[in-house]
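# heads up, no residue letters with this:
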Ligand SMILES: Nc1ncnc2c1ncn2[C@@H]1O[C@H](COP(=O)(O)OP(=O)(O)OP(=O)(O)O)[C@@H](O)[C@H]1O
């Protein structure tokens, strides 16, 4: 990123109370006196963004990949009670201890049941016959596309059909070993601090649940802006997700190339991401990890959301709901989550604070993504989530917005980036203009809303920045099929993965895992070293689904 708005530009304040200047760059604050529309005008005498960019270091030097932080990586979640035990690096004690504790937890059983019971793509039946399960031997690796917390994503070719797929591998050992164990093992080999048993059990339980959630959620969804899952299977050492290959690379990669994007381009991607998020929310799913690294561009330049490892299917379980006091949110359209996960720079303040949150957190992340595309970095940056949280809390009026953005963009950012989730634009509720259906008591509610005056009631799709978007065509997927997006990736040969970082494409995909390719018999009980907790992971999309997408 080229332009440090949250720290460097906050020092000098000139004539206008609402505009801060630094190095001659005026910036406005979100949520200043006039909450509806910040009242700043473009000043021709001031340095333009382009001029400013030219004086700064190149964006490539500044942009860094933001890894999703899972539960244990957030210090605030570090367990209070810890005990010290002596184990050595790669000690089997940890795994066997964890696996033996976990093999038969109720949530495991629930997850496995879920896999058996919920195998359906919306409106479709999935062929779950074990005989149709694919294996690693069916696929020839071509090159590495990316690397995540639990393993690599590799471009592979189906040996039988020659079709290309993105194969996401998750190492079972990485999932089974506690993050604290890993961290501590790195530091000291023989005398490490591990968390108490209960916390370890809970964390492991969550990691396994999330592993299944990605496979289960993706197997149930079909949307033009969401990556498709065709197969999943596992062997002794890894879990595999065979995904649609999205050859245009990460939005992150293109942002690195471009620095910042034009407002129309940003509005287009905002609309595509919003369609995907709204679809997820309508299906009871909170995405929780929106960032440029998880937004891929397909061959036509349309945005496709990937990485559902942190997504969560909502629950209306009242015992799980601590927002009963949250009177601004209606009961029927929320589900409450508590896990502190995501990528700190894009995570909503309520997540970073460890408070209960709901699907509205995704709209805050959308605000961060828009800000990043327009400005070159997310509104708050820092080495860890504490620094980011401090900055958010210190910044009473919200993140600074550069003056040169249009009033429409400022307005959009203003409403999405509200720290207080009850004041944030409830996009799901105000998505589009619906025909008015009068219901009993509806008037009363409306009056209450007007009096409260907190909620923005303008429809999201009617916002000025989306004036060029044909929502109907976008929501039905017609646009994605017939029109090119604003950035069309250069692809001379799909196998070259030209739009992926050479940091990854030059990586070796050979790892020499002794156990790779040794299949798991789904119905067999395994020893401690081969826990049965991943039973039920295998999946194959229905024939018609496969046909439709190839
Ligand atoms: N379907 C796909 N087509 C092309 N590339 C992909 C695909 N899925 C993932 N990738 C690449 O692999 C990278 C890592 O994938 P993904 O984010 O799913 O892994 P992860 O382990 O969940 O990562 P993280 O720990 O950062 O969240 C992506 O950022 C992207 O570059």
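That came through fine. Predicted, not measured: the structure shown is a model, and the values here were computed from it.
# now for the lengthiest helix in the chain, which elements pack on it?
Selection of the longest helix in the chain by residue count, based on DSSP state H, yields helix 197-220. The helices and strands touching helix 197-220, judged by 3 or more C-beta pairs under 8 Å, 6 or more residues apart in numbering; DSSP states H and E, are helix 92-102, helix 106-117, helix 172-176, strand 229-234, strand 238-244, strand 312-313. Any C-beta I mention is one placed from the backbone N, CA and C, and that applies to glycine too.
# Low-confidence regions, the protein specifically.
Low-confidence segments of the chain (pLDDT under 70): 1-62, 65, 67-132, 178-195, 315-336, 435-457, 511-531, 550.
# residue in this structure nearest to the ligand?
In the chain, no residue comes nearer to the ligand than residue 148, which is 1.5 Å away by C-beta to the nearest ligand atom.
# isn't that residue right up against residue 306?
No. With contact defined as C-beta atoms under 8 Å, residue 148 does not reach residue 306; the gap is 10.2 Å.
# And the two? Which one has more around it.
residue 306 (21 against 16; other C-beta atoms under 10 Å).
# Torsion angles phi and psi at that one?
phi -130, psi 180 (degrees, to the nearest 10).
# for the closest residue to it other than its chain neighbours, phi and psi?
Leaving aside its sequence neighbours, residue 306 sits nearest to residue 227 (C-beta to C-beta, 6 or more residues apart in numbering; 4.3 Å). Per-residue torsions, residue 227: phi -60, psi 150 (degrees, to the nearest 10).
# Could you do residue 139 as well?
phi -120, psi 140.
# and it, what are its bridge partners?
residue 158 (DSSP bridges).
# Who are the contact partners of it?
156-159, 165, 167, 242 (C-beta atoms under 8 Å, 6 or more residues apart in numbering).
# Spell out which parts of the stretch 201-350 of the chain neighbour the ligand.
Within the stretch 201-350 of the chain, the residues that sit near the ligand (C-beta under 6 Å from any ligand atom) are 227, 243-246, 250, 293-294, 296, 306-307, 309.
# near the ligand, which residues of the stretch 51-200 of the chain?
So the stretch 51-200 of the chain meets the ligand at 67-68, 145-146, 148-150, 153, 166, 168 (C-beta under 6 Å from any ligand atom).
# what two of those are the furthest from one another?
Across those, the longest distance by C-beta to C-beta is 18.5 Å; it joins 67 and 166.
# out of the two, which sits in the busier spot?
Using other C-beta under 10 Å as the criterion, residue 67 and residue 166 rank with residue 166 on top: 21 against 14.
# Can you tell me the element the more buried one falls in?
Residue 166 is located in strand 164-171, with elements delineated by DSSP states H and E.
# and the angle for that strand with strand 238-244?
Going by axes from the mean of the first three to the mean of the last three C-alpha atoms, to 10 degrees, strand 164-171 is angled at 160 degrees with respect to strand 238-244.
# what about the helices in the stretch 251-400 of the chain?
251-258, 263-282, 349-352, 360-375, 385-394 (DSSP state H, counting those that start in this stretch).
# so how many other residues sit close to residue 134?
18.
# show me what contacts residue 138?
158-160.
# any idea how far it is from residue 488?
32 Å (C-beta to C-beta, to the nearest Å).
# in the longest helix of the chain, what's buried?
Within helix 197-220, the residues scored as buried using 16 or more other C-beta atoms under 10 Å are 199-220.
# what do you get for stretch 542-550?
Quick answer for stretch 542-550 (16+ other C-beta under 10 Å): 542, 545-546.
# Pretty sure residue 277 sits against residue 366.
Yes. Here residue 277 reaches residue 366: they are 6.8 Å apart, a contact under C-beta under 8 Å.
# joint contacts of these two?
290, 427.
# roughly how far apart are residue 311 and residue 460?
21 Å.
# quick one: which of those two has more around it?
residue 460 (24 against 21).
# need the contact list for the more buried one.
By C-beta under 8 Å, 6+ apart, the residues touching residue 460 are 274, 425, 427, 430-432, 466.
# CSV for the residues you listed, including secondary structure, distance to residue 370 and neighbour count?
Below are the contacts of residue 460 laid out as CSV (DSSP: H, G, I helix; E, B strand; the rest coil; distance: C-beta to C-beta, whole Å; neighbours: other C-beta atoms under 10 Å):
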residue, secondary structure, distance to residue 370, neighbour count
274, helix, 10, 23
425, coil, 12, 25
427, coil, 12, 23
430, coil, 17, 19
431, coil, 17, 18
432, coil, 19, 12
466, helix, 12, 20
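# Pipe those into JSON lines and attach distance to residue 412 per row.
Shown next, in JSON lines, are the contacts of residue 460 (distance: C-beta to C-beta, whole Å):
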{"residue": "274", "distance to residue 412": "11"}
{"residue": "425", "distance to residue 412": "8"}
{"residue": "427", "distance to residue 412": "10"}
{"residue": "430", "distance to residue 412": "13"}
{"residue": "431", "distance to residue 412": "14"}
{"residue": "432", "distance to residue 412": "16"}
{"residue": "466", "distance to residue 412": "9"}
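# the helices in the stretch 451-550 of the chain, which residues?
471-476, 478-482, 502-505, 543-548.
# Which residues does the second one contact?
Contacts of helix 478-482 with the rest of the structure, by C-beta under 8 Å, 6+ apart, involve 224-225, 298, 300, 302, 470, 473-474.
# Among those residues, name the buried ones.
Of these, these count as buried by 16+ other C-beta under 10 Å: 224-225, 298, 302, 474.
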